[in-house]
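A.B. asks: Here is the input, now give the coordinates:
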Amino acid sequence: MTISLKENERLDELHRNGYYIIQNPEKFCFGMDAVLLSGFTKVKQGEKVLDLGTGTGIIPILLEAKTNGEHYTGLEIQEESADMARRSVAYNHLENKIDIVTGDIKGASKIFGAASFDIITTNPPYMTGNHGLVNPNQPKAIARHEISCSLEDVIREGSKLLKVNGRFFMVHRPFRLAEIMTTLVKYKLEPKRMQLVYPFVDKEPNMVLIEALKGGKSRITVEKPLIVYKEPGKYTDEIYDIYGY
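C.D. replies: Okay, the predicted model is just below:
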């Protein structure tokens with residue numbers, strides 16, 4: 001299928017099912033965190049998935065390639081990003097499997113209705129207004145800082161949207177782990193699985209992957225650490241496998 005790329009946009013290969021994604025590096029491009037979340041998320045046959053804050057649609061597209069879910073939806077507040085996501089979906093002929101909806105995470109349960117999904121995924125903004133420098137580029141700032149929604153907004157709406165025993169998958173930063181855990185429990189999302197991601201084996205972790213269960217009992221499994229680089233510029237075998245290289 002031929003598509004029209006807008007100014008500064010490019011078409012990037014995803015190394016999965018021959019899929020491509022449209023991105024604009026002047027605005028925001030997906031990072032390793034989204035790819036790792038797609039590898040961490042487990043979707044069973046027939047399940048319906050919603051990605052909160054989908055950006056250019058990377059997580060729904062990768063999950064469609066990797067899993068046997070029935071349908072995937074992405075919710076994105078920025079129309080420019082949502083438009084790129086829709087064109088990527090069309091380019092990959094996935095219109096029957098993926099929907100991209102423009103809307104605010106804070107009202108997600110009103111948009112879709114309570115208990116509408118089996119799986120929620122999210123790669124939310126990591127930084128509060130007190131953390132780090134806010135990017136003057138508005139699309140990048142919204143993606144990285146809690147400008148349009150907070151961690152609590154994402155978890156509250158995720159809980160409302162999930163069916164009982166539905167699963168919530170999130171990638172975030174370890175420095176907010178205590179806040180993440182208490183907020184998940186507050187909204188009846190019991191943490192069940194966690195994996196810390198380290199850039200190098202001798203460095204501190206810089207990402208955390210979490211799975212929580214709607215209405216679950218208290219018991220968590222901490223998986224072995226995921227190391228990104230075996231040496232500068234060279235990924236570990238686990239990372240190459242997740243990327244599909």
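
A.B. asks: Would you map the helices across this protein?
C.D. replies: 32-40, 58-66, 79-91, 108-112, 138-144, 151-161, 177-186, 237-243 (DSSP state H).

A.B. asks: The ones you listed: which one's closest to residue 217?
C.D. replies: helix 177-186 (11.6 Å; CB to CB). No exception for glycine: its C-beta is placed from N, CA and C like everyone else's.

A.B. asks: Turn the helices of the chain into TSV, columns for mean pLDDT.
C.D. replies: Output for those, formatted as TSV (pLDDT from 0 to 100):
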stretch	mean pLDDT
helix 32-40	96
helix 58-66	97
helix 79-91	96
helix 108-112	97
helix 138-144	48
helix 151-161	97
helix 177-186	98
helix 237-243	93
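
A.B. asks: deepest of those, which one?
C.D. replies: helix 58-66 (a mean of 25; mean count of other CB atoms under 10 Å).

A.B. asks: what about dumping the CA coordinates of that helix to CSV?
C.D. replies: The C-alpha coordinates for helix 58-66 follow below in CSV (Å, rounded to 0.1, in the frame of the first residue of the first chain):
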residue,chain,number,x,y,z
ILE,A,58,3.9,1.0,18.3
ILE,A,59,2.6,-1.3,21.1
PRO,A,60,-0.7,-2.4,19.4
ILE,A,61,1.2,-3.1,16.1
LEU,A,62,3.9,-5.1,17.9
LEU,A,63,1.4,-7.0,20.0
GLU,A,64,-0.6,-7.9,16.9
ALA,A,65,2.6,-9.3,15.4
LYS,A,66,3.6,-11.2,18.5
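
A.B. asks: Does anything pack onto it? Which helices or strands?
C.D. replies: helix 32-40, strand 48-52, strand 71-76, helix 79-91, strand 98-102 (3 or more CB pairs under 8 Å, 6 or more residues apart in numbering; DSSP states H and E).

A.B. asks: Can you add distance to residue 148 and give the ones you listed back as TSV?
C.D. replies: Formatted as TSV, these follow (distance: least, CB to CB, whole Å):
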stretch	distance to residue 148
helix 32-40	18
strand 48-52	11
strand 71-76	10
helix 79-91	12
strand 98-102	12
